[in-house]
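Enquirer: I would like to see how this sequence folds:
(2 chains)
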Amino acid sequence: MDTSLVQQAIDNVNFAAIMPALILCVVGMAALLIGVFSKRGRTFHISLICLFGLVAAGVATVGGWNQPYQFGFSGHVALDNFARFFNMTFIIGSILTILMSDDYLKREGYPISEYYPLILFTTAGAMLMASGTDMMTIFLGLEVLSVSLYVLAGLFRNQVRSNEAGLKYFLLGAFSTGFLLYGIALIYGVTGTTNLTDIGNYFIYHPALLTNPMTIAGMLLLSVGFLFKIGAAPFHMWAPDVYQGAPTPITAFMSAGPKAAAFAAFLRILLLALGGLENDWTSLLWVLAVATMTIGNVIAISQTDIKRMLAYSSISHAGYALVGIVAANEIGISGIMFYMLAYTFMNLGAFAVLTLAGKKGENNLTLDGFAGFGFKQPFLGVAMTIFLFSLMGLPPTAGFAGKFYIFAGAVKAGYLWLAVIGVLNSAVSLYYYLRVMVYMYFRDPNEEFEWVALKTGAVISIILAIIGVLYLGILPGGVMEMAKLGLF
Amino acid sequence: MITVYHYMAVSAILFSLGTFGVLTRKNAIVIFMCIELMLNSVNLTFIALSRHLGSMDGQVFVFFIMTVAAAEAAVGLALMISFYRNRESIDVDDINLLKW
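Expert: Residues are numbered from 1 along each chain as shown, chains lettered A, B, ... in the order given. Next up, the predicted model:
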């Protein structure tokens, strides 16, 4: 073996490029070990350790903002501003999730110490996806994320609902991974490399290969894999079932971080590697964005279970974000980054309210269960109202600013109709979000209305989410400028 | 003479068989086996292309896929066991609690 090659490979290792993910993995493994040696049922100190790990990873990410980009592992990983922005989104999502989890797990009778490390591993996988510049890294990140999420979705192992959610997510997730890999294999066959930039350059020098059936098939199969993870129509069928069956904080977590990670990796692949096929994938995603928005919103109207309704709303929000990919210009892409951060705040906030409002077994999370909730529990009522306003996209909340940027990007790119359909869909969504508020404020509560106790952790997470939603809604400019710096 | 096209054809057929199996079978373990068939057909594609292109990337990728498939199998079978304990069945028609 040529020693200079080995030396070159060693020189290429740059731990600074994966520092946030590395911190999370190390802290996660330490927390796993500490959990084994702790008394059964005691998880609070593990949640604190994991929070500490997330804060450390956040410091490592923010400290590197706008610093020179870090590349490492022979061009497999790039820690650029794009990755840093998404890393912050994942970290915020995980912190809010962990804060709302501890009392919830105790109430449901599953104080499992592995829960928190698994959230850290999921976040680390998401970070690898966002900073991966090679199909291999992206695939590995996706699987680290998915395998941890399968476990988390099926965590309540004596509850059939949770079992079903885990099993469904696993079977369909593994199925979609097969498509993703076959797509990667075909593109590798055409270009002879798995590095995104090299693939893009290869197509620049060999434009004739862009119309090769193998390239087109590869792009389509790859898109299937990512659209599944995003939960876009027609690959959305798993989302409502899994979201409804999984533990509530995990549902919240799943709908924010991992979805943002799939968007990050999808964006990198489409823009860096398959930029030459832009006309093909924009026309494909145009149709799917419209279908995703419409299906999510229309089916959400008929839901009576609030968790399931938010699952369908999450599908439609994925549709709004797809509009940004179709636009594929500066404001559209940074709009997606902004929107994912905004969505993390508003959706995790809404689910934090649900974790408090639910009673053991969570059978009361229906519209009827929320009758009169707003006056009986003023704090939770006001918080839920703010999050619902943000999900609707009304000013002055984060949801409005996010939708504004994305639709502005679409209009600027000449997709006026797409923006119109998006706005019409937001109008449809008013109906089912407002219905929750009608139940909360204009219906009389059941006689046996039970006061739910406010738990410190969840309340902190709700307050943080409110601050985030209002800050991003009232002063979106600063964060948007940051997102624009993240473009590659 | 067996060329790379033959390998590609075989792996495409295997992939289609796996997909067909996932869509038609009812037993969760058989579905999982069909998914493994899909992953292995991808492995075959990678190996054949790697040999054809004279690049090692494809072979490295196959190692990753095999490792990940093993991890997935561990988690997936555990999920199936916990489902079986509660429902005494792993027929996907019994995964029917959550709908609409």
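Enquirer: alpha carbons only for contacts and neighbour counts from here, please
Expert: OK.
Enquirer: Name the nearest residue to A:Phe370, sequence neighbours excluded.
Expert: Distances taken as C-alpha to C-alpha, 6 or more residues apart in numbering or on different chains put A:Met440 closest to A:Phe370, at 5.5 Å, once the chain neighbours are dropped.
Enquirer: Would you mind listing what in chain B touches chain A?
Expert: For chain B, the residues in contact with chain A (C-alpha under 8 Å from any C-alpha of the partner chain) are B:22, B:28, B:31-32, B:35, B:38-39, B:42, B:45-46, B:49-50, B:53, B:55, B:57-58, B:61, B:64, B:68, B:71-72, B:75-76, B:79-80, B:82-83, B:86-87, B:95, B:97-100.
Enquirer: List only those of the residues you listed flagged as buried.
Expert: Listed as buried from the residues of chain B next to chain A are B:22, B:28, B:31-32, B:35, B:38-39, B:42, B:45-46, B:49-50, B:53, B:57-58, B:61, B:64, B:68, B:72, B:75-76, B:79-80, B:82-83, B:95, B:98; burial here means 16 or more other C-alpha atoms under 10 Å in any protein chain shown.
Enquirer: Identify those among the residues you listed that sit within strands.
Expert: With strands taken from DSSP state E, there is no overlap with these.
Enquirer: Out of those residues, which sit inside helices?
Expert: The helices, defined by DSSP state H, take in B:22, B:28, B:31-32, B:35, B:38-39, B:42, B:45-46, B:49-50, B:53, B:57-58, B:61, B:64, B:68, B:72, B:75-76, B:79-80, B:82-83 from those.
Enquirer: rewinding a little: relative to chain B, how far out is the residue nearest to A:Phe370?
Expert: Note on A:Met440: its distance to chain B, by C-alpha to the nearest C-alpha, to the nearest Å, is 23 Å.
Enquirer: so which strand or helix has that residue?
Expert: helix A:416-442 (DSSP states H and E).
Enquirer: by contact count, what packs against that helix?
Expert: Applying 3 or more C-alpha pairs under 8 Å, 6 or more residues apart in numbering or on different chains; DSSP states H and E, one finds that helix A:416-442 contacts helix A:278-301, helix A:306-327, helix A:373-376, helix A:378-392, helix A:398-412.
Enquirer: list the buried ones in it?
Expert: Buried residues in helix A:416-442, defined by neighbour count with 16+ other C-alpha under 10 Å: A:418-419, A:421-423, A:425-426, A:428-430, A:432-433, A:436-441.
Enquirer: What of stretch A:98-109?
Expert: Across stretch A:98-109, burial judged by 16+ other C-alpha under 10 Å covers A:Ile98, A:Leu99, A:Met100, A:Ser101, A:Asp102, A:Asp103, A:Tyr104, A:Leu105, A:Lys106.
Enquirer: before we move on, the earlier item: thought the residue nearest to A:Phe370 was touching A:Phe373?
Expert: Yes. Taking contacts as C-alpha atoms under 8 Å, A:Met440 lies within contact range of A:Phe373: 4.8 Å.
Enquirer: what do the two both touch?
Expert: Both A:Met440 and A:Phe373 are contacted by A:Gly381, under the criterion C-alpha atoms under 8 Å, 6 or more residues apart in numbering or on different chains.
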